[in-house]
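> Kindly generate the corresponding structure for this input.
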Amino acid sequence: MKVCIGTNNKHKYIDYQEAFLKYAPEVELCCPADLNITDDPEEDHETLLGNAIKKAQFFAEKSGLTTIADDTGLFVDALNGEPGLHTKRWHEGTDHDRCVKLLERLEDKDRSVEYKWGFAAYNPKEQKLWTFECEVKGNLLDKFGAEGGFGYDRVFKLITMDKYYSELTREELVQVGGRGMAMKELIFNSNFLK
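Numbering: from 1, shown residues only. You can find the predicted model right below:
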């Protein structure tokens, strides 16, 4: 079985590769760039799940393959859920610039935060849709963690482990990261591979 991962973000793609290597190594993965698909859908829904569904259906129709996509947001309690849906577009610049800006806004405020994901898998031939949502709780710290990950991973420290998200090993990401958790659910608790 060949499955398209609806992203050209290399970090996300690696997360999916690791999850499938563990849970369904027989599945062959590809991304839109592998199929010469160069355009992206506009992420204009009001929920992470809505954006994930749109992306999964968009790339599935373009590729003719069952496609998995997600949308991720960082939701900061003290900022009424910002940056939320606009996590990457919330502030211009690099990931580092966004982290610095976020920490500036959180001076003397509560640092509790959640990474949230919406996931969708879509089979264009049978017009079947599977969806999942999950979250990981943590705190934002002023001190940057080790190089690794992307987005806000270097300032996000998990509650369940004494580690920054950027410091998680590939094996740990499959166990406690959003993409790993969602792919385990998709592979074992749905008829996705049947």
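> got any ranges where the chain has weak pLDDT?
The chain contains residues with pLDDT under 70 at 88.
> can you give me how far stretch 77-93 is from the chain middle?
15 Å (C-alpha atoms, centre = their mean, to the nearest Å).
> what sits up against that stretch?
Contacts with stretch 77-93, where a contact means C-beta atoms under 8 Å, 6 or more residues apart in numbering, come from 46-48, 51, 71-76, 97-98, 101-102, 105-106, 109-114, 151-152. Bear in mind the C-beta positions are built from the backbone N, C-alpha and C, glycine included.
> Out of these, which end up buried?
With burial judged by 16 or more other C-beta atoms under 10 Å, the buried subset of the contacts of stretch 77-93 is 48, 51, 71-76, 98, 102, 106, 111, 113-114, 151-152.
> In strands only, show me the contacts of stretch 77-93.
Using DSSP state E, the members of these that fall in strands are Asp71, Thr72, Gly73, Leu74, Phe75, Val76, Ser112, Val113, Glu114.
> Excluding chain neighbours, what is closest to Gln57?
Closest residue to Gln57 apart from its sequence neighbours, by C-beta to C-beta, 6 or more residues apart in numbering: Tyr122 at 5.0 Å.
> and the nearest residue to Glu18 once chain neighbours are set aside, how many neighbours does it have?
Counting by C-beta to C-beta, 6+ apart, the nearest residue to Glu18 once its immediate chain neighbours are dropped is Arg170, at 4.9 Å. Under the neighbour criterion other C-beta atoms under 10 Å, Arg170 is assigned a count of 16.
> do Thr131 as well
Close neighbours of Thr131, defined as other C-beta under 10 Å, add up to 17.
> Could you check the helix or strand encompassing it and say which residues are buried?
When secondary structure is defined by DSSP states H and E, Thr131 falls within strand 128-140. When burial is assessed from 16+ other C-beta under 10 Å, strand 128-140 yields the following buried residues: Trp130, Thr131, Phe132, Cys134, Val136, Gly138, Leu140.
> Also compute the angle for the longest helix seen in the chain relative to strand 128-140, please.
Scanning the chain for the longest helix, with DSSP state H as the assignment, gives helix 48-63. Orientation of helix 48-63 against strand 128-140 (axes from the mean of the first three to the mean of the last three C-alpha atoms, to 10 degrees) gives an angle of 130 degrees.
> So which residues make contact with helix 48-63?
Counting by C-beta under 8 Å, 6+ apart, the neighbours of helix 48-63 from elsewhere in the structure are 4, 6-7, 30, 32, 35, 37, 40-41, 43-45, 66-73, 85, 116-124, 129, 131, 133.
> where's the helix or strand Leu173 falls within relative to the chain centroid, distance-wise?
Taking DSSP H and E as the definition, one finds Leu173 inside helix 170-176. Its chain's C-alpha centre and that of helix 170-176 lie 13 Å apart, by C-alpha atoms, centre = their mean.
> got the CA positions of that helix in PDB?
Taking only C-alpha atoms (Å, rounded to 0.1, in the frame of the first residue of the first chain), the coordinates of helix 170-176 have been written out as PDB:
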ATOM      1  CA  ARG A 170      12.700   9.600  17.500                       C
ATOM      2  CA  GLU A 171      11.400   6.600  19.600                       C
ATOM      3  CA  GLU A 172      10.000   9.000  22.200                       C
ATOM      4  CA  LEU A 173       8.300  11.100  19.600                       C
ATOM      5  CA  VAL A 174       6.500   8.000  18.300                       C
ATOM      6  CA  GLN A 175       5.300   7.200  21.800                       C
ATOM      7  CA  VAL A 176       4.300  10.700  23.100                       C
END
